[in-house]
Each structure stands twice: as structure tokens, then as C-alpha cells.
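1. Just a sequence and a predicted model for now, questions to come.
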Amino acid sequence: MSAEYEMVVGLEVHSQLLTRTKLFCRCENRFGAPPNALTCPVCLGHPGVLPLLNEEAVRLGIRLGLAMGCSIHQRSVFDRKHYFYPDLPKGYQISQFTYPLLTGGGLTVRSGEGTREIRIHRIHLEEDAGKNMHAGIRDASHVDLNRSGVPLLEIVSEPDIRTPEEAVDYLKKLRQILRATGVSDGNMEEGSFRCDANVSLRPGGSSVFGTKVEIKNMNSFRFVHKALLFECERQAQLLDRGERVVSETRLFDSSTGRTLPMRSKEEALDYRYFPEPDLPPVVLDPKWIEEERSRLPELPHERVARLSGEFGIREEDAEVLVLEEDLSRYLEEAREALHEYAGKGGWPVEQGTPRLVNFLLSEVLREWNRKGPAILTGSLAAREISYLVALVVEERLSLNQAKDVYAVCIESLRTPREVVAEKNLSQESGEDALGRWIDDVVRENPGEVQSYREGKERLFGFLVGQVMKKSGGKANPQKVNRLLKEALSR
């Protein structure tokens, strides 16, 4: 995209709540049931039925508001939002329009070398719609209403996002807060964390917004990034040709990486909002809000600050390791085990902590992305990773050997202890043993030693190789280099 333009993005996230039942009825709130198995006259929109608000959904909304620094309104109102679509059985959606539960607040995201604050416009409660089904169905569409009536929080940001990278960081940190507070599981693959983006361009330095285009159907962080890149480039090319950007809703096609027209928004839809007559206003007792505040767990940004200080690592690295709750817990369990190994080995735990963090950021995080949370249990539990790092600190394994052992463990589901013992990998770092091998090599290769001393430095590699061969590959290569140079200089 030309530097002539500035990207302006606002995100709308729909997050399903971790309640046992739906928002206005007692049907189970659960993913994966057979189509239409979790329904009743209320969520099917039968005439004459009455909604009854799920108190747990309101409580979870309060928790998110506290975690994000929002204003929690003691009085909020439900409205009817009218539109007609096959997956909306009542012909309207119960939502909050004029008086939402939460406003304000924000999230801090990484932006280049610094950070930026992305403000929250509003967060409101509403019921989910059903799901239209087309795959594998010829000449027809089916509707699954299991999702109809499931409680949602719609989280609407201000148009403060300026790059695809900021958008992805915002979404990751929002999902992290939802999970840490127990508000939502944030599973994009199950549809419990869904994102729409409003995208426009404006001339650099301008404060006037351009024509807004909405993008739907982005079900992964990678797709959000690709969709925003494509859409901004598409709009920039239109503006460069002197053409007009059309206000419309577009779908992201993940197979081509393009956004495609879905429907025009040139004339605003009239949803005919009016207050829901069957539900009274939601009035919160301030004591309830304070009770929820006292129950909040350690929040992600608080954990980042704590781990950064305790571990002596960069905040950026701590952010990566606490992005997923399982990884964050794994890190702390591994550090606890490292304390034990340090005590037995007589070395300060601070000596091993940077190695542990680097191992998690490189080896463990790569396999996490490849195989998921299963790699954090069983033969590769946190204690086993600390054992590997302890061997490196004590110079009984090289770092490359530790990485090789971990790779074998990933594929074979064996513990590092088993692999190290089976392959007889324990590294020799004792100076007495290394000195004996070096003395033998110097005595057995007088010609090469003399040539090295006369200036043929390339022979040093040959002599190191001879020491490694004599040790059966067990000699610590860093110590061999140092001790051999000392021996050759005598």
C-alpha cells in the first residue's frame, strides 16, 4: 500500500460466553451436539414464549469490563434488533443498543518498536443467531439452531488500529483476557470468537475518515492479517485511479486471499430498534461489581510485568509466553522445577533461567504451534524440560544436543532422561578428563602441532576433531577449544 494513505480499522468481536445455559432459556450451551438437539420453544422463537435473563452472562460481562477498565453501567436495557434471515427464528435479535452494559476501556498493543492504546467503544450483551448449513447439501440449505440464543458479548473497538499487525495483536490480547478471566474459551475454530473488521483509507495526515468497508468470514489471526492487507491494497488502487470506494460488506476468501462483495451498504439498514418489552432493564447492585473485582485472577498484563521482573526477561518475550494460559502455566512449573535442579547442582537458578526461557521460545513454542497443547504433558511435562536445561547449565549436554534430544522426545513420546541414557549422550566437561585426551592428541600428532605453532591455524580444527574422536563425541566442545589453545601455546 502506498505511504500516501493511512489505514483505519475498527474491529467488532463476538465472543460466546462460558455459561452452562443459553441467554434467555435453560437449553444447554454446548458445542458439537447434533443439529437442533439443544433447542426449546424460547430459542426457537415460538409465539407467546417469554425470555428469562441468565444472571451468569451478566456476571461474566462485568468481569470483562473490570479486566479492560470499562465503565460498568448500573442500568442497561435490552432491545429488539429486527432483520430477516433463515437462522434468526424470531425475526429479531435481542441485543443492547441505546444503553449497553459497558463502554470505554481499552487494550495496549505492540506498534513497531513501541505500544499504542486501542480504545473500546462499547461492549454489550446479545443472543447469538443459528447457523446456516450448505456443505454437502444439494439444491437446498439447512439451518442448525443449536447456537440460537447462546449468550454473546459484542466487543466494538474505536477505529484506532492502523496496521494488520496491530489488529492481530489486539485480537490475541483480547482473547487472552477472555480466557484468563473465564469469560470465554475463545475458540475461533468453534465459532466462539468471531471477528468482523471495518476498514477504510484516508490521506496521510488527514483526520477525515474514508468510506468504510466491512469484512466478514475471518476465522483465524492469519486470515485477519491477510484480509486487511488485501483490502487496503484494493482500496488504494481504486483511489489511485480516481474511483470511489463503495460502502459494502465483503467476505474473505481464504483460498485466494481476496475479499469478495457480499452485499451493498450504500443505504443503511433500518433495524427498527425498540426496547425489548418482555425484559425489564438490568439494574446492577454496586456490591456485586465489587465482589467480582475481588475475584478477578491475575490479568495477562500483570503476569507479564511479574514474570519479566522475576525472570529478568524482556516484556516482549514474557508476552509471547503468557499469550496462552497453558504455556504460561508451563513456564512457571518449569521454573519451579529448575529451582530444585539448581539446588542439587549447587548453581544459582538465575544462571539457568535465560536458557529455560530461550528453550521455550524456540523449541517448545515451535512444537506448540505445530502440535498444540498435547506437547506440554506426559513425557514432555515442564519438569522434563527443566531437566534438559539443567544438563546444559551443568555442561553435561551441549545446547544442540539438548535440542536433538527434545526433537526425539517429541516424535517418540519418551522422556529426555530415557533418550539421554539410551544414546549415552552425557557430555564430559571435567578438565582432568579433557586434559588427558588433549595431551594424547598433542603427543600423537607432533607434525600437525608444529605446523600449527608455525602459523597454519587451519590445523586447529583438525586437532579439535581428534580430541572429539578420542572422547567418543562426549567432550564439551567449548572447553576443548579453550584447553587445547592453552596446551598448544605452552
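-> That came through, no problem.

2. which one is Asp160 nearest to, not counting chain neighbours?
-> The spatial neighbour of Asp160 that comes closest, neighbours along the chain excluded (CB to CB, 6 or more residues apart in numbering), is Ile118 at 4.7 Å. In this view, the C-beta of every residue, glycine as well, is placed from N, C-alpha and C.

3. Go through whichever helix or strand the one you found is part of and flag the buried ones.
-> For Ile118, the host element (DSSP states H and E) is strand 114-127. Taking 16 or more other CB atoms under 10 Å as the basis for neighbour counts, the residues of strand 114-127 that come out buried are 116, 118, 120-127.

4. Show the contacting residues for the closest residue to Arg414 other than its chain neighbours.
-> Distance criterion CB to CB, 6+ apart; nearest residue to Arg414, sequence neighbours excluded, is Ser379 at 5.7 Å. By CB atoms under 8 Å, 6 or more residues apart in numbering, the residues touching Ser379 are 409, 413-415, 418.

5. Also Cys195?
-> Contacts here follow CB under 8 Å, 6+ apart; on that basis Cys195 touches 11-14, 171, 218, 224.

6. One more pass at 6 Å, please.
-> 11, 13, 218 (CB atoms under 6 Å, 6 or more residues apart in numbering).

7. Wait, a helix at it?
-> No. Looking at Cys195 with DSSP: H, G, I helix; E, B strand; the rest coil, it is strand, so not inside a helix.

8. List the beta-bridge partners for it.
-> Beta-bridge pairing for Cys195 (DSSP bridges): Val13, Met218.

9. Any of the contacts of Ser379 buried? List them.
-> Applying 16+ other CB under 10 Å to those flags 409, 414-415, 418 as buried.

10. Now the two most distant members of those residues.
-> Cys409 and Glu418 (8.3 Å; CB to CB).

11. any idea how far the nearest residue to Thr108 once chain neighbours are set aside is from Gly204?
-> Take Thr108 and drop its neighbours on the chain: the residue closest to it by CB to CB, 6+ apart is Thr115, 5.1 Å away. In this structure, Thr115 and Gly204 are separated by 21 Å, where distance is defined by CB to CB, to the nearest Å.

12. One more: Pro354?
-> In this structure, Pro354 and Gly204 are separated by 41 Å, where distance is defined by CB to CB.

13. Between the two, point out the one with more neighbours.
-> The residue with the greater number of neighbours, taking Pro354 and Gly204 and applying other CB atoms under 10 Å, is Pro354; the counts read 14 against 10.

14. So that one versus Thr103, what's the distance?
-> Using CB to CB, which is the criterion applied here, Pro354 is 43 Å from Thr103.

15. what do you get for Val283?
-> 17 Å.

16. what about this protein, any weak spots by pLDDT?
-> 1-2, 266-269, 424-434, 472-474 (pLDDT under 70).

17. Is Ala3 in a helix, a strand, or coil?
-> For Ala3, the secondary-structure state derived from three-state DSSP is coil.

18. Once you drop chain neighbours, what's closest to it?
-> The shortest distance from Ala3 to any residue other than its chain neighbours is 6.7 Å, reached at Gly204 (CB to CB, 6+ apart).

19. send the alpha carbons of stretch 84-95 over as PDB?
-> Extracted in PDB, the C-alpha atoms of stretch 84-95 (Å, rounded to 0.1, in the frame of the first residue of the first chain):
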ATOM      1  CA  PHE A  84     -34.900 -11.300   8.400                       C
ATOM      2  CA  TYR A  85     -32.600 -14.200   7.800                       C
ATOM      3  CA  PRO A  86     -33.200 -18.000   8.000                       C
ATOM      4  CA  ASP A  87     -31.000 -18.500  11.100                       C
ATOM      5  CA  LEU A  88     -33.000 -15.900  13.100                       C
ATOM      6  CA  PRO A  89     -36.200 -17.700  14.000                       C
ATOM      7  CA  LYS A  90     -38.000 -14.800  15.800                       C
ATOM      8  CA  GLY A  91     -37.300 -12.300  13.000                       C
ATOM      9  CA  TYR A  92     -35.400 -10.100  15.500                       C
ATOM     10  CA  GLN A  93     -32.400 -10.500  17.800                       C
ATOM     11  CA  ILE A  94     -32.400  -9.500  21.500                       C
ATOM     12  CA  SER A  95     -29.400  -7.200  21.900                       C
END
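
20. For it, list every residue counted as buried.
-> When neighbours are counted by 16+ other CB under 10 Å, the buried residues of stretch 84-95 are found to be 87-90, 92-95.

21. I'd like these laid out as a markdown table, including distance to Glu28 and secondary structure.
-> Rendered in a markdown table, the data for the buried residues of stretch 84-95 read as follows (distance: CB to CB, whole Å; DSSP: H, G, I helix; E, B strand; the rest coil):
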| residue | distance to Glu28 | secondary structure |
| --- | --- | --- |
| Asp87 | 19 | coil |
| Leu88 | 20 | coil |
| Pro89 | 18 | coil |
| Lys90 | 20 | coil |
| Tyr92 | 23 | strand |
| Gln93 | 20 | strand |
| Ile94 | 19 | strand |
| Ser95 | 22 | strand |
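
22. gap between the two ends of stretch 340-358?
-> 19 Å (CA to CA, to the nearest Å).

23. How far off centre is the helix or strand Ala402 falls within?
-> Ala402 belongs to helix 399-412 when elements are defined using DSSP H and E. Shown here is helix 399-412, whose average C-alpha point lies 25 Å from the average C-alpha point of the whole chain (CA atoms, centre = their mean, to the nearest Å).

24. List the buried residues in it.
-> For helix 399-412, a neighbour-count test (16+ other CB under 10 Å) marks 401-403, 405-406, 408-410 as buried.

25. what packs against that helix?
-> Packed against helix 399-412 by the contact rule (3 or more CB pairs under 6 Å, 6 or more residues apart in numbering; DSSP states H and E) you find helix 382-393, helix 416-423.

26. quick one: contacts of the last one?
-> Okay, so that is helix 416-423. Counting by CB under 6 Å, 6+ apart, 384, 387-388, 405, 408-409 sit against helix 416-423.

27. Including distance to Leu64, could those residues go into CSV?
-> Formatted as CSV, the entries for these read as follows, by distance: CB to CB, whole Å:
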residue, distance to Leu64
Glu384, 36
Tyr387, 39
Leu388, 39
Val405, 42
Val408, 43
Cys409, 39
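
28. From those, pick the one nearest Met133.
-> Closest approach to Met133 among the contacts of helix 416-423 (CB to CB): Cys409, at 41.8 Å.

29. re earlier: farthest-apart pair in the contacts of Ser379, please.
-> By the measure CB to CB, these have their two most distant members at Leu413 and Glu418, which lie 10.0 Å apart.

30. Confirm for me that Ala67 is in contact with Ala180.
-> No. With contact defined as CB atoms under 6 Å, Ala67 does not reach Ala180; the gap is 7.6 Å.

31. which residues do these two both contact?
-> Common neighbours of Ala67 and Ala180 (CB under 6 Å, 6+ apart) do not exist.

32. okay, Val283 and Thr103: which has more neighbours?
-> Neighbours of Val283 and Thr103, each counted by other CB under 10 Å, are more numerous for Thr103; the result is 17 against 9.
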